[in-house]
Every structure is written in structure tokens, then in C-alpha cells.
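# let's see this in three dimensions:
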Amino acid sequence: MEEKLFKEAQQLYSGFYIRRPLGNNLFSYYRRKHREIYVPPLIKGSLEDVKLGSQIAFAEVEDDQEIIQYGLQYFVYFTHRQKPVFIFDNHNHAFFFWMMCYKSGIIPSGSMLLHLDQHTDMWEPAGEPPFVLNEKLTLREVFDYTNFVLNVGTFIKPALKLGLFKEVNIINTALDYELFFNEPLVLDIDLDIFAPDSMVARAKTILDKIQEWMEHAQMITIATSPFFVNQDIALKLLKEIFIM
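Here you go, the predicted model:
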């Protein structure tokens, strides 16, 4: 990762609140008491720096009850087997880090996305990206689009439309964990695959396949998804991914 580009990303992801009904803060905005969510700072660290924070990352109203969930203390970047890894809470931030790695030359346009998730995340975004893939693309443009337009279910289709990915393989059934991939890919993991009520295969099977697919990964993005999985479970399984 280019140091200059990473520092620019840190200046953008410096820790901030979203207080308007935009991005992930739009969900049930006018029905909620808590009308702001926090996006933590990005650091270069290690797996030990991935910890639960004390700020609300996601809020929603279900069955007339407001549900709030706390996010990470930091978004964390490190390398594993010489591959860049980005860990964050809400999944739409994957879009920013994919584009950042595109600008760094780590992944080319037309890559293949392997998306492990209990959801497809293939909803249409609220707006099309106001940029194209070229040398003039700025991280500020990507940052604004990621945080104020996209949400946790709409971040894949824009990457396909831009041509960043030629295809996406969604892994969300037991049979999907029998697939083999031999080409370079971007490995994108939502830790809600380990939620007890939605696990489609044994945790050991999932962890083994992640290890296999990781060998072909050019980069790895991992969302802890506080609204969809208990974060204690998520962080425990996250550590198992990297100690295997």
C-alpha cells in the first residue's frame, strides 16, 4: 500500500459522526431517538487493535423498537501473508478500500469478487457513483460516496457498474462452501456468516474454505456487521481466521 495514499485515507477516516439522514444513518432516521452514527478512525495496526468501541455505529427501528449497535474502536489495516487486510464494522466501507487498492495498483479493474455473507448486498444504491475508474479518481470522491450515499446493502452493484469487478460470486449457502477458485480474487467477508441463527455450514468448514480462498486473494476486506451478528462472536471468529 502506498504510504501517501494510506495517509490520505487516514485524513478522511479520522473519526466522525454522520448526523444527517444519509448512508447508513438513513435507516428509520425519523423514527429514532438516536439520530447519529459514528465512523471510527483508520489505523495501521494488527489484529489485536480490532476492538469494540463505545460509539453507536448502526441504529434501526424494528417492531416499533429502536435497536442500537456499537461499532469498532478503529478500522484496522494490516498485511497477512503479504496481502492487505482491512477490517471495519459496517460493510459499505469495503467499497472505499476496494477503490483505494485499485488506485494503489493492488487490484486491477475487472477483478473477481468473492463475497461471503448471509445477505447478497446487491440492492440498488441511492445514487450512481459520480466518478469513473481512471487516474483522476480521488479518494475524497470515493469517501463521500461510500459514507453518504451507500449503505450496508448497496455497495456491490456500483463496483460492478464501474468495472472494478467483472463478476461477483456470492457465498451464502452450504453448497457454496464446496466451490473452488483458482484465479486471483478479492475476498470479502461479512462476519454475520457466523451468526448462530444463520450459519449454513459448520464453523470449521467455513474457516477451512476461507483459508483456501485466501491463498488466491489479492486483498481481503472484513466487516464485523454489528447489526447482524453479536460482536463478541464476530471478534472471536475473526481471530480464528488469522491464527489458523
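# hey, let's count contacts and neighbours off CA atoms from now on
Fine.
# report the buried residues of the helix or strand containing Tyr77.
Following DSSP states H and E, one finds Tyr77 within strand 75-80. Buried residues in strand 75-80, counted by 16 or more other Cα atoms under 10 Å: 75-79.
# where's the residue sitting furthest away from the middle of the chain relative to Glu36, distance?
No residue in the chain sits farther from the centre than Asp64, which is 28.0 Å out by Cα atoms, centre = their mean. Shown here: Asp64 relative to Glu36, a distance of 18 Å by Cα to Cα, to the nearest Å.
# which residues touch the longest strand along the chain?
Criterion DSSP state E: the longest strand present in the chain is strand 52-62. Surrounding strand 52-62, the residues in contact under the criterion Cα atoms under 8 Å, 6 or more residues apart in numbering are 24-25, 27-29, 31-32, 34, 36-39, 66-74, 89-90, 226-227, 231.
# at 6 Å instead, please
Applying Cα atoms under 6 Å, 6 or more residues apart in numbering, the set of residues contacting strand 52-62 from outside is 27-28, 37-38, 66-73.
# equivalent analysis for stretch 159-175, please.
Contacts of stretch 159-175 with the rest of the structure, by Cα under 6 Å, 6+ apart, involve 109-118, 200-201.
# now those residues as CSV including distance to Glu8, secondary structure and pLDDT?
Written out in CSV, the entries for the contacts of stretch 159-175 read as follows (distance: Cα to Cα, whole Å; DSSP: H, G, I helix; E, B strand; the rest coil; pLDDT from 0 to 100):
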residue, distance to Glu8, secondary structure, pLDDT
Ser109, 22, coil, 95
Gly110, 25, coil, 95
Ser111, 24, strand, 95
Met112, 26, strand, 97
Leu113, 25, strand, 98
Leu114, 27, strand, 98
His115, 27, strand, 98
Leu116, 29, strand, 97
Asp117, 29, coil, 95
Gln118, 32, coil, 92
Val200, 39, coil, 83
Ala201, 40, coil, 80
